[in-house]
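>>> This is a predicted model, with the sequence first.
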Amino acid sequence: MSHPQSTPESYSTVPAEKLVQQVEAAASLIRQRWQHIPRMGIILGTGLGNFAREIDAEAVIPYHDIPHFPKSTAVGHAGQLVCGRLRGLPVITMEGRFHTYEGYPTWQITLPVRVMHALGAGLLVVSNAAGAVNPHYCTGDVMAIEDHINLMGSNPLIGPTNDTLGARFPDMSLPYDFDLIERAQLIARQEDFVCHRGVYVALSGPNYETRAEYRFLHKIGGDVIGMSTVPEVIVAHQQGLRVLALSTVTNVCLPDALGETDGDEVVAAASSAERKLRAIVLGIADHLQQEIERG
Ligand code: HPA
């Protein structure tokens with residue numbers, strides 16, 4: 001069965017009622033195929049694609065089966081929803097996400113987050129590949145995002161809204177859950193690797209940055225730079241989800257000693273750090289499961 005709107009919409013905002021209907025239609029298709037309430041939503045970015053194998057899949061739904069879901073065009077993004085159990089915990093996982101550089105407006109990129117919320121998820125884990133401007137970071141390091149700077153030139157909350165979609169002016173003083181960051185760092189210590197905490201700066205891409213841009217991004221307080229995550233986090237926080245976002249450092253961008261950045265190398269570096277991200281996400285799932293068992 002094919003559905004409308006799997007390609008980028010030509011408009012940057014959408015009528016609120018239409019967005020609510022799209023979310024409901026997508027959620028309803030997923031409920032038909034998988035009758036559980038997800039405790040956790042997971043968005044797998046570059047390099048964490050194999051993580052979906054950790055899930056005891058109960059339903060695998062290609063994005064093109066889901067009404068109004070965009071189509072995944074980025075390298076290394078499979079384009080399917082994996083619904084099932086992670087360490088016994090019901091989870092819904094996006095194998096592949098959407099980016100503004102693919103031509104999607106941010107309201108469309110974040111539709112899956114609204115769908116996860118509609119299905120009952122209370123926590124979102126997001127991963128991405130990023131370039132480090134913090135000179136203390138190394139390729140293959142992991143960073144828990146504790147704050148962000150949105151330089152994408154767009155915001156998923158722009159446009160008509162209503163009570164179902166959430167607050168018009170949501171607070172953004174603490175979009176990333178402090179306890180989850182602490183937990184991620186604890187897991188990293190136990191597993192004997194470093195998990196930094198820092199600031200993610202989001203740009204639209206798709207080109208990597210110039211030397212002057214990297215210099216600027218470090219000066220304004222960025223630790224890592226990427227082309228995703230922030231739209232999803234803004235919507236998740238507006239919807240009241242707890243958020244843990246993890247960056248893998250795929251390249252270190254020192255403006256005065258900058259080598260060329262290559263997309264294939266970025267994907268390879270992200271894959272090499274996969275075990276660290278896997279350890280954190282599994283540890284968070286265990287922790288959540290224990291929280292639930294304790295009531
Ligand atoms: N800049 C932007 N996005 C990225 C980078 C970068 O250097 N590396 C991986 N994603």
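Looks like it came in fine. Residues are numbered from 1 along each chain as shown.
>>> so which helix or strand takes in the closest residue to the ligand within the stretch 1-150 of the chain?
Distances between the stretch 1-150 of the chain and the ligand by CB to the nearest ligand atom are smallest at Gly131, namely 2.1 Å. No exception for glycine: its C-beta is placed from N, CA and C like everyone else's. Assessed by DSSP states H and E, Gly131 sits inside strand 123-132.
>>> what about dumping the CA coordinates of that strand to PDB?
Output in PDB follows, covering the C-alpha atoms of strand 123-132 (Å, rounded to 0.1, in the frame of the first residue of the first chain):
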ATOM      1  CA  LEU A 123      11.600   8.800  27.000                       C
ATOM      2  CA  LEU A 124      13.500   9.500  23.800                       C
ATOM      3  CA  VAL A 125      17.100   8.400  23.100                       C
ATOM      4  CA  VAL A 126      18.700  10.000  20.100                       C
ATOM      5  CA  SER A 127      22.100   9.400  18.600                       C
ATOM      6  CA  ASN A 128      24.100  11.200  15.900                       C
ATOM      7  CA  ALA A 129      27.500  11.600  14.300                       C
ATOM      8  CA  ALA A 130      29.300  14.900  15.000                       C
ATOM      9  CA  GLY A 131      32.500  16.800  14.400                       C
ATOM     10  CA  ALA A 132      34.300  18.000  17.500                       C
END
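>>> So the residue of the stretch 1-150 of the chain closest to the ligand is in contact with Cys253, correct?
Yes: here Gly131 reaches Cys253: they are 4.6 Å apart, a contact under CB atoms under 8 Å.
>>> Retrieve the pLDDT associated with Gly103.
At Gly103, the model reports a pLDDT of 89.
>>> Val75 now?
60.
>>> go on, Ala270?
69.
>>> So in that sheet, which strands flank the strand holding Gly131, and in what orientation?
Applying DSSP bridges to the sheet, strand 123-132 is found paired with strand 40-44 (parallel), strand 224-226 (antiparallel), strand 242-252 (parallel).
>>> got the phi/psi numbers for Phe216?
Main-chain torsions, Phe216, degrees, to the nearest 10: phi -60, psi -50.
>>> List the contacts of it.
With contact set as CB atoms under 8 Å, 6 or more residues apart in numbering, Phe216 has no partners.
>>> And the helices in the protein?
Along the chain, the segments classed as helices by DSSP state H run 16-33, 106-109, 111-119, 178-190, 211-219, 230-238, 263-272, 274-294.
>>> If I average pLDDT within each of these, which one is lowest?
When I compare those, helix 263-272 is least confident, with a mean of 69.
>>> Quick one: distance of the strand holding Gly131 to the chain centre.
6 Å (CA atoms, centre = their mean, to the nearest Å).
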